[in-house]
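Engineer: from the sequence below, what's the structure:
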Amino acid sequence: MKLGAKAVTGSLALASLSLFVAGCGQSSVAAPAHSHKSARTASQTTAVIALPVQNSPNWFFPLISASGLIDVNISLDGIMYRPLIMFNNHDQVDYSRSLVSNIQYNPSGTRYVLTLNHKYQWSNGQPITAQDVVFSYNIMRAASQPKAPWVYGGDGVGGLPTRWSSVTASGSDKVIVTLNTPSNQTWFIHNGLGQLVPLPVSVWNKDPHNMTKELQFIQSVANSPTNPVYKVVDGAYMMQSYQPNQNWTFVVNPKFGGHKAQIKKLIFQYETSDTAEFLGLKNGIISYGYLPQSEWNARRALSNDVLTASYHYGFNYVLVNQNAKAPGGLGPVFQQAYVRRALEMGVNQPGIIKNVFHGEAIPEGGPLGSRPATPYGNPAIAKPLFLYNPKAGKALLEAHGWHEVNGVMTKNGVKLSFSIDAAASGISGTDLMTLLKQGWAQEGIQVAINEQPFDTVFSEANQFDPTKWSMSYWPDGWTYDYPDWYPTGGALFSSAGASNFPGYSNPQMDALIKKSYEPGTTKQTQKALFAYQLYNAKQVPFIFLPWGADLIEHAKNLQGTHQGYNPIMQVLYPEYWHFSK
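Structural biologist: Below you'll find the predicted structure:
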């Protein structure tokens, strides 16, 4: 996930609060946002899905830009376009639902042959071909070059573009991918080949001889989902209509090659607040949504819903701006691992889990939460290495020359006083920020909370203008879905990672991440991955927070939601849903 608001970020205030796939509702209804029409009188073939509060999808092209790499975009794009490779709930390739029937590779991991299965086709009846896959790669590569009109979100992930030598078609059903460096095959299948989303060449190839113009065209229609280019898809649904900041309506793709959908229409509904979303559930307007943490004590009022706590594949954190131009001279200070460790010891994880997440969260101290369980998580970081201990955190700062002046830790004229730009996420988000502020105050660290709309926080938390922010927080943290299902963290923690918004740079971290890309036996590759994860947990590159469960709510008569939800890919599959009578 990328980064963004989960309530549906990304993956982007409480890791579980905002999950787009968190669901709620009593029944289905074809009603406009916040209508009080009873769902019981609505069509049993229409489902209304609550989006995260104040979150709008804004990038519908299936290869997502770095600035658009958030859960809500990934989720909506995922119902229109099928990725080349699908992963199951244990983060393993699921050939039964993929566009490929098999992947063959050599012992060094430099050559991969993918065979298309032709189970799926484009909605205009044309077959998905190897040429469509090659075209997708050409877009990814072009958008990963310096001075590209927009930056591809997977730049730096899966060896893109530096490790990829070529992607060619052998006939219409075989794709050959060649790398210039021996590579961990599991890593590359997940994070390299897993990024490929075929594109219908006949629709999108507007300027075959000028990739800059091609990228400019894509950018111009990225947030225009009713443009004719989006009428040719291979996913279960296709866009019908939308009203900005109100709703986005999808209808069934009749040519879809997968499970035949009984839900014929999906309405993704914009939510102005957690309260409005909760009322939509209570009044039967929303079929699938989320229980806001702020409404935890009122959950029994949703008597016609089913509540499920589910964990996404990722972790939660606060971004720490480590650029030399960060406000207050704090960039070089935040570059120091001991400072970040002291900050981590001021995070009251037990209090946050109890008072904000109502127990539906796990403590976290590294780049991967312990739930859901997969073969790729190091047991040594299942619990935080730096427990809540503000007294010890303050002593650590003092041992490095910091002294409290007028209640604020100060060193060489620099004060540990800064603001956190926090995506507004209701009462629960405010409570989380308050607990952070209180914990850090015990260490002599002064914090001001600056709540802003999610889009504002997300757009400003980068290195294009590092003078604007010190810390940033949004509710979905980071999730290992598109484009990095193998949790090496290259996009986020490597010095050149496309999503390394804080500007974190550590040569040893880079080397360990690179080591995890090398081929070897299962034991060897696991050892390399675990070594990176443990070093990351010790370095605390960002401030780790508890990883909250997604409190999914759905109508009692809405069946198939568990079959239609994958915590690894984090995309909804409503083609498996149906309403019982």
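
Engineer: outside of the helix or strand where residue 422 lies, which residues touch it?
Structural biologist: Residue 422 belongs to strand 417-423 when elements are defined using DSSP states H and E. Contacts of strand 417-423 with the rest of the structure, by C-beta atoms under 8 Å, 6 or more residues apart in numbering, involve 5, 12-13, 318, 327-328, 330, 408, 429, 433, 436, 445-454, 456-458, 460-461, 469-475. For the C-beta atoms, the positions are set from N, CA and C on the backbone; glycine is no exception.

Engineer: drop anything exposed from those residues.
Structural biologist: 5, 12-13, 318, 327, 330, 429, 433, 436, 445-447, 449-451, 454, 457-458, 460-461, 469-475 (16 or more other C-beta atoms under 10 Å).

Engineer: what about the nearest residue to residue 98 once chain neighbours are set aside, neighbour count?
Structural biologist: Spatial nearest neighbour of residue 98, excluding adjacent residues (C-beta to C-beta, 6 or more residues apart in numbering): residue 86 at 4.6 Å. Using other C-beta atoms under 10 Å, residue 86 has 21 other residues around it.

Engineer: from residue 262, how far off is residue 86?
Structural biologist: Distance, residue 86 to residue 262, by C-beta to C-beta, to the nearest Å: 21 Å.

Engineer: ok, residue 502 next?
Structural biologist: Counting by C-beta to C-beta, the gap from residue 502 to residue 262 is 45 Å.

Engineer: quick one: buried residues of stretch 92-103?
Structural biologist: Under the neighbour-count criterion of 16+ other C-beta under 10 Å, stretch 92-103 has 93, 94, 97, 98, 99, 100, 103 buried.

Engineer: and if you look at stretch 244-253?
Structural biologist: Neighbour counts using 16+ other C-beta under 10 Å place 247, 248, 249, 250, 252, 253 of stretch 244-253 among the buried residues.

Engineer: repeat that for stretch 428-438.
Structural biologist: By 16+ other C-beta under 10 Å, the buried positions in stretch 428-438 come out as 428, 429, 430, 431, 432, 433, 435, 436, 437.

Engineer: those residues in helices, which ones?
Structural biologist: Applying DSSP state H to the buried residues of stretch 428-438, the entries found in helices are 428, 429, 430, 431, 432, 433, 435, 436, 437.

Engineer: from the residues you listed, pick the one nearest residue 173.
Structural biologist: Nearest to residue 173 among those: residue 429, at 48.8 Å, using C-beta to C-beta.

Engineer: for the stretch 451-581 of the chain, give me the ranges with low pLDDT.
Structural biologist: Under the criterion pLDDT under 70, the flagged ranges of the stretch 451-581 of the chain are 563-565.

Engineer: what ranges does it have for its helices?
Structural biologist: Using DSSP state H, counting those that start in this stretch, the helices of the stretch 451-581 of the chain run over 454-460, 490-493, 507-515, 522-539.

Engineer: hmm, back to that, with distance to residue 206 added, can I get the ones in helices among the buried residues of stretch 428-438 in TSV?
Structural biologist: Output for these, formatted as TSV (distance: C-beta to C-beta, whole Å):
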residue	distance to residue 206
428	45
429	42
430	46
431	49
432	45
433	45
435	51
436	48
437	50
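
Engineer: for the closest residue in space to residue 574 that isn't next to it in sequence, give me its contacts.
Structural biologist: Take residue 574 and drop its neighbours on the chain: the residue closest to it by C-beta to C-beta, 6+ apart is residue 263, 5.2 Å away. Residue 263 sits next to 28, 45, 46, 47, 252, 574, 575, 577, 578, 579 when contact means C-beta under 8 Å, 6+ apart.

Engineer: again, only using 6 Å
Structural biologist: Shown in contact with residue 263 (C-beta atoms under 6 Å, 6 or more residues apart in numbering): 45, 47, 574, 577.

Engineer: assumed the second one was part of a helix.
Structural biologist: No: counting by DSSP: H, G, I helix; E, B strand; the rest coil, residue 47 is not found in a helix; it is strand.
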